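Let's see this in three dimensions:
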Amino acid sequence: MLSGHVLKLMNEQIAKEFYSGWLYLQMAAYFESRNLKGFAHWLRIQSQEEACHGMIFYNHICERGAEIKLGAGAAPPSSYKSALDVFEKGLKHEYTVTASVNNIMDAAVKAKDFASQSMLKWFVDEQVEEEANFDEIRSKLELLGDKNGEGLLMFDKELSARVFALPAPLATAAP
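Down below sits the predicted model:
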């Protein structure tokens, strides 16, 4: 059984994960409007991943026999200064998601909720990857600078190669 506090935090996390999906989809739209299809593609896949993350929490709550309480979220920002600005904001957002996951893990540890700790371990590891991905792109954009159009186009092509992979907890879940 999920403790009341862990359940509350997990229900809130579902909304945060779906907000992340909307945020990255809005960021993709920024790049679509600038005809940078590779950046848009990378962020659309990121958006899909975030929706999957929300479903992992959803499934965990259901499997534990607890009640899902979906909340409404705010609209993500739609205005950005540059590609670098997008990925700086994306990295900052991932830091907040990491803090939220760590907070849930802390609550699960205090509640001695070992099943939730096991599920959350995947998220702890995933957040290391998420931050590293955003930071790598941000760092490369920093190196390119705002005026290097040719470099930006080459990087755009590189990002278009990303392929969506269903997160492991969903790939192994029973239908």
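
Using the three-state scheme, assign the spatially most central residue of the chain.
Centroid-nearest residue in the chain: residue 50, 4.3 Å away (criterion: CA atoms, centre = their mean). Following DSSP: H, G, I helix; E, B strand; the rest coil, we place residue 50 in the helix state.

Kindly report the same for residue 121.
Quick answer, by three-state DSSP: residue 121 is helix.

what sits against it?
residue 105 (CB atoms under 8 Å, 6 or more residues apart in numbering). Using the backbone N, CA and C atoms, a C-beta is placed for each residue, glycine as well.

how about the residue nearest to the centre of the chain, what does it touch?
17-18, 20-21, 24.

Tell me, how many residues neighbour residue 5?
14 (other CB atoms under 10 Å).

Likewise for residue 166?
Counted with other CB under 10 Å, residues neighbouring residue 166 total 12.

same deal with residue 47?
Neighbourhood size, residue 47 [other CB under 10 Å]: 21.

unless I'm mixing things up, it is touching residue 21, no?
Yes: using CB atoms under 8 Å, residue 47 makes contact with residue 21 at a distance of 4.5 Å.

Can you pull out the low-pLDDT segments for the chain?
Along the chain, the model assigns pLDDT under 70 to residues 173-175.

In it, what residue spans correspond to helices?
4-32, 37-63, 83-110, 114-144, 149-159, 168-171 (DSSP state H).

Using PDB, write out every CA atom in the shortest one.
So the one you mean is helix 168-171. C-alpha atoms of helix 168-171 as PDB (Å, rounded to 0.1, in the frame of the first residue of the first chain):
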ATOM      1  CA  ALA A 168      12.200  -0.200 -20.100                       C
ATOM      2  CA  PRO A 169       9.500  -0.100 -17.400                       C
ATOM      3  CA  LEU A 170       6.800   0.200 -20.000                       C
ATOM      4  CA  ALA A 171       8.400  -2.300 -22.400                       C
END
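
That one packs against which elements?
helix 37-63, helix 114-144 (3 or more CB pairs under 8 Å, 6 or more residues apart in numbering; DSSP states H and E).

mind listing what's buried in it?
Within helix 168-171, the residues scored as buried using 16 or more other CB atoms under 10 Å are residue 169.
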